[in-house]
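Asker: Build me a structure from this.
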Amino acid sequence: MGDDVELLVNRATGGVLLANNSTESLPIAGYSLTSDAGSFAPAAWTPVAGAYDADGDGSIDSDDHWSVLSQGGPHDLSEAELGGGDGGVFGPGGVTIDLGTPWLRSPYEDVRAELLLNSGEVLPIAVTYLGDPVAPGDLDGDGAVDAADWRAFRNAYRSDLGAFNQVEAHAHGDMNGDGKTDARDFVLFKNSYEAEHGAGSLATLTSVPEPSTLGVAACAALALAFRRRVRWNLRRHGARVITPSLCIVAVLAPTIVQAQTVESFHYSTGGLAGRNGGSGWGGAWRNNFSRSGADWTLAGPGLDYPTLASEVGIAATSLGDGSRFQRNLPQTYNSGVAYLSYLSSNSTANGDPYSALELQMGGDADPFRVFQIGLLRNDDGNPNGGSENAFYARSRGSVGGGGGDEARLGDFNTDTNLFVVRFDLNADTANIFFNPNDRDDLTGPGDATLDLFTGFAFDRIGIANFAGTNAYSIDEVRLATAPPTLTPAPELELVVDRARGVVRLQNRSTVDIDIDFYEITSDGSSLSKANWRSLQEQDFEQQGDPQTPPTGDGWEEFDGGDASFVGEAFLQGNSTIAAGTRVTLGKLYDAEVDAHDLHFTYHDADKGLVEVPVVYESLDAPLGDFNGDDVVNSADYTVYRDNLGGSPTAFAPGSRAPGHTGSIGQQDYLTWAQNYGASASTAAASSATVVPEPSAAAIAIGASVGVLALRADQRRVLSTEH
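Answerer: Residues are numbered from 1 along each chain as shown. Sure thing, here's the model as predicted:
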């Protein structure tokens, strides 16, 4: 009987109908609609009580009075006839009960429904949603992911959503249901925006895969993270307790697996636990075994390997006995070919060493290891007898079993070593390359070959150190289904001059980097938002001033920035930070607070979200930038004028012309005039007119003429300086 009754939810209008599709009338005494996500607007609900009972038109129950049981919140719409009457009559043949428009339009489709018969029997009711699903990112529920939604997202970015339910949080930009709006939500929002409007609406859109309708809806499924049992407590009214069954309707999407998994450990210094950077992973680093409770330490410098591009950043290091960390992969590798590569170094081989990278399958403890490679002890293969500490690779005989195969790779050393493994999973073999000379051909036999057990598979990577006082470091872990790119991937740097407060984006690599988002945070409130020269302010994408209201057609600052956070994004495109160039963000760092704790995250069109350590170093000011704010403008003339004839220590380092020494004078004015409008992001611009050498008395007049002759708001172009 229950199969013939359904709850119809109209996605376009929020309308809700109870429909009896059976051939029989149903004697009903109540019903319950519940939603964990908070999908109801009680004010728009039309209950039977007062509308269709004896107090209403009597169309459902002409002689009984129904009572609303729910408390008026967004999670529960329940009512029943509690007076001991004969209940109402729910007619057959498609008769419906119009319950108004209480459903809030959102991607959350988790409504559960039950019908209480007059006999006390509870029938679960199927819930059917009509019309097109609401796309994640349609924050206002108007049927489109558009500029209005972008403004709502921008306005709520990094705001506190703790008091909101899931539907409300989505309306504030929480795309993945984790109770906050952050960098990951921006990526999901942009994906949803491009799914609707198409990638390439501007010339330089990022190469983000266009999600299918199911792919977009996956965000909603991810957000259904908790379940709340709702009960009708009717005992005091003489009725039975009804516990609604779980009937969540969710749209599931296939997992999109990235072609390459990369971990370069480009984080701020500290511990490894909970770090979730890199790309292509299935979760954060976690400690699944620790005899000593020791975390892995993130510290510079990163590991360098001969003939590979120099590593800029840090590595993960374990010092002492008793640490194993693990990170899930986004898929199980059980067929085809997979390539694993990483760099490692060891400080000593004393004692009973076990310093290795592991592949694991299906669990967190030791028995789930299926492959190990690194500094291992060999008790049996040493031709000189006794134990031998060397670099080995080992495969297990089964998941959770012993035996297997092993191969010696080389003598112990304290150098940085490159390990590359090609897993031929269909053939159950692994070829290991130890410090390979020819890294362009990894398809042939390796330095050693191991047999793998039939059905060999792995779904997570572990790093472990149980080796006394050995300092074991790991860097540049890569896993791919094609031969790996062993050169460290190019990354954007945030460079900070702690003395001057100047902050720059810098690409010191030989590859252009495309970005559409960045944020900078400081737990110690070391940011000076008032002195921030955002990309929006600089019109970096050269689209002109932002539209009013903003539409995302250029860089736009997130609302709510303060001393602890600034950020901005380019919704409809991205910008290229060319190889070897830099972009100033002004005196964003508060040198007086100087908490030395900045965190920098950006979104790379090719690599995804990237968190990199902040680089602190002294920076020379551009020529003519006497006040050191990375921009040559009228404020620098004021510094020049106020210190004319005085010591050059009044100027920011590097702002005077090369070779110019002595007191501040006429040559400094010329340097300023010739570079007016330039910044650390630009090559020094020459004045369109020749400024005559002024007398001391005429300097101010000459300056004003020079200012009028030059544009006060030149477009910023990228420097070719390294």
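
Asker: what stretches of the stretch 51-200 of the chain score poorly on pLDDT?
Answerer: 200 (pLDDT under 70).

Asker: For burial, what's the neighbour tally of the nearest residue to Asp516 once chain neighbours are set aside?
Answerer: Counting by Cβ to Cβ, 6 or more residues apart in numbering, Asn574 is the residue found nearest to Asp516 once chain neighbours are left out, at 3.9 Å. Every residue, glycine included, has its C-beta placed from N, CA and C. Other residues near Asn574 number 25, with proximity taken as other Cβ atoms under 10 Å.

Asker: swap in Leu505?
Answerer: Leu505: 21 surrounding residues under other Cβ under 10 Å.

Asker: before we move on, what about Gly131?
Answerer: Neighbour tally, Gly131, other Cβ under 10 Å: 12.

Asker: From Ser341, how far out is Phe434?
Answerer: 11 Å (Cβ to Cβ, to the nearest Å).

Asker: go on, Asn287?
Answerer: 24 Å.

Asker: In terms of neighbours, single out the busier of Phe434 and Ser341.
Answerer: Counting neighbours by other Cβ under 10 Å for Phe434 and for Ser341 shows that Ser341 has the greater number, 22 against 19.

Asker: and the more buried one, what helix or strand is that in?
Answerer: Per DSSP states H and E, Ser341 falls inside strand 337-346.

Asker: What's the first helix or strand after that strand?
Answerer: strand 354-360.

Asker: next structured bit after that next one?
Answerer: Criterion used, DSSP H and E; the element after strand 354-360 is strand 369-378.

Asker: Remind me what that following strand packs against, helices and strands.
Answerer: strand 354-360, strand 388-395, strand 405-411, strand 417-424, strand 458-480 (3 or more Cβ pairs under 8 Å, 6 or more residues apart in numbering; DSSP states H and E).

Asker: try it again with 6 Å
Answerer: Here strand 369-378 touches strand 354-360, strand 388-395, going by 3 or more Cβ pairs under 6 Å, 6 or more residues apart in numbering; DSSP states H and E.

Asker: My guess is Glu491 contacts Pro613. True?
Answerer: No - with contact defined as Cβ atoms under 6 Å, Glu491 does not reach Pro613; the gap is 9.8 Å.

Asker: So for the two, which sits in the more crowded spot?
Answerer: Pro613 (24 against 21).

Asker: Correct me if wrong: the more buried one contacts Ser268.
Answerer: Yes - Pro613 is within contact range of Ser268, at 5.2 Å (criterion: Cβ under 6 Å).

Asker: Could you tell me how many residues sit around the residue lying closest to Phe368 once chain neighbours are set aside?
Answerer: Nearest non-adjacent residue to Phe368, counting by Cβ to Cβ, 6+ apart: Gln360, 4.7 Å away. Residues within reach of Gln360, counting by other Cβ under 10 Å, total 26.

Asker: Could you pull up the contacting residues of Gly501?
Answerer: Lys587, Tyr589, Ala591 (Cβ atoms under 6 Å, 6 or more residues apart in numbering).

Asker: Surely it forms part of a helix?
Answerer: No - read with DSSP: H, G, I helix; E, B strand; the rest coil, Gly501 is coil and lies in no helix.

Asker: Can you give me the pLDDT of it?
Answerer: pLDDT for Gly501: 95.

Asker: same thing with the one 3 residues further on?
Answerer: The pLDDT attached to Arg504 in the predicted structure is 96.

Asker: what's the answer for His266, then?
Answerer: Looking at His266, its pLDDT stands at 79.

Asker: Tell me how far it lies from Asn288.
Answerer: Distance of His266 to Asn288, given as Cβ to Cβ: 23 Å.

Asker: Over to Asp149?
Answerer: Taken as Cβ to Cβ, the span from Asp149 to Asn288 is 40 Å.

Asker: residues in contact with Ser268?
Answerer: Per Cβ under 6 Å, 6+ apart, neighbours of Ser268: His599, Pro613.

Asker: now swap in the one 3 residues further on and tell me
Answerer: Residues counted as contacts of Gly271 (Cβ under 6 Å, 6+ apart) are Asp295.

Asker: how about it, phi and psi?
Answerer: Backbone torsions of Gly271, given as degrees, to the nearest 10, read phi -90, psi 160.

Asker: which residues are contacting stretch 178-187?
Answerer: Looking at what lies outside stretch 178-187 - Cβ under 6 Å, 6+ apart - the contacts are Ala156, Tyr157, Leu161, Gly173, Asp174, Met175, Phe517, Ala569, Thr601, Leu609.

Asker: would Ala29 count as being in a strand?
Answerer: Yes - assessed with three-state DSSP, Ala29 lies in a strand.

Asker: quick one: the nearest residue to it once chain neighbours are set aside from Leu7, how far?
Answerer: Among residues not flanking Ala29 along the chain, Gly87 sits closest, at 4.2 Å (Cβ to Cβ, 6+ apart). As judged by Cβ to Cβ, Gly87 and Leu7 stand 19 Å apart.

Asker: and what of Tyr676?
Answerer: For Tyr676, the distance to Leu7 (Cβ to Cβ) stands at 69 Å.

Asker: Give me the more crowded residue out of these two.
Answerer: Tyr676 (27 against 24).

Asker: Tell me how many other residues surround Gln372.
Answerer: 21.

Asker: contacting residues around it?
Answerer: Applying Cβ under 6 Å, 6+ apart, we find Gln372 in contact with Ala356, Glu358, Arg394.

Asker: repeat for Ser347
Answerer: Each residue near Ser347 by Cβ under 6 Å, 6+ apart is listed here: Asn470, Ala471.

Asker: Determine the three-state secondary structure at Asp185.
Answerer: Applying three-state DSSP: Asp185 is helix.

Asker: Just give me the neighbour total for it.
Answerer: Asp185, neighbours per other Cβ under 10 Å, totals 26.

Asker: Fine, thanks again, bye for now.
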